[in-house]
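**Q** Here is a sequence together with a model predicted from it:
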Amino acid sequence: MAGNVSELTDKSFEEKVLKSSKPVLVDFWAVWCQPCKAIAPIVEELSNEFAGKVDFYKFDTDPMPHKPIAGQYGVRGIPTLLLFKDGKVAGTLVGAHPKAKIAELLSKAAG
């Protein structure tokens, strides 16, 4: 991944997301998903704007090992953006949203 958005796997999820000391935005996506591709540059821009305040990850929902984590958090459609704070879901956006809406979600958690 370019910039401040990193790939996340089922093995790194707990350490990088649930145990993080700062808010974490996880973008649940898939390669074939056109709305996912549409918001990717927005998420990348926001990762630069919120650098140091919020960590950003992409989580590919297609590979078999990842499906339990997506299901555990109720991800039924993609793209789904989940904002975690203190190891718990603090906000959710499902579908392609404009930058302002995603930034609003991040601002609440970043303080």
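**A** Cool, the structure landed.
**Q** What helices and strands are in contact with the helix or strand bottoming out on mean pLDDT in the chain?
**A** Every helix and strand of the chain was ranked by mean pLDDT, DSSP states H and E. The lowest is helix 67-72, at a mean of 84. Counting contacts by 3 or more CB pairs under 8 Å, 6 or more residues apart in numbering; DSSP states H and E, helix 67-72 is packed against helix 10-13. (Glycine included, C-beta is placed from N, CA and C.)
**Q** Which pLDDT value does the model give the most centrally placed residue in the chain?
**A** In the chain, the centroid-proximal residue (CA atoms, centre = their mean) is residue 26; its distance is 1.6 Å. Confidence at residue 26, expressed as pLDDT, is 97.
**Q** ok now do it, which residues does it touch?
**A** 8, 17, 57-59, 81-84 (CB atoms under 8 Å, 6 or more residues apart in numbering).
**Q** what's the distance between it and residue 51?
**A** For residue 26, the distance to residue 51 equals 17 Å [CB to CB, to the nearest Å].
**Q** Checking the nearest residue to residue 95 once chain neighbours are set aside next. Helix, strand or coil?
**A** The spatial neighbour of residue 95 that comes closest, neighbours along the chain excluded (CB to CB, 6 or more residues apart in numbering), is residue 35 at 6.4 Å. Of the three states, residue 35 takes helix under DSSP: H, G, I helix; E, B strand; the rest coil.
**Q** coming back round to it: buried subset of the contacts of residue 26?
**A** Buried members of those, counted by 16 or more other CB atoms under 10 Å: 8, 17, 57-59, 81-84.
**Q** hmm, back to that, burial count for the residue nearest to residue 95?
**A** For residue 35, the count of nearby residues is 14 (other CB atoms under 10 Å).
**Q** For the host helix or strand of residue 48, give me every contacting residue.
**A** Residue 48 is part of helix 34-49, with elements assigned from DSSP states H and E. For helix 34-49, the surrounding residues in contact (CB under 8 Å, 6+ apart) are 2-5, 25, 27, 29-30, 54, 56, 58, 78-79, 81, 95-99, 102-103, 106.
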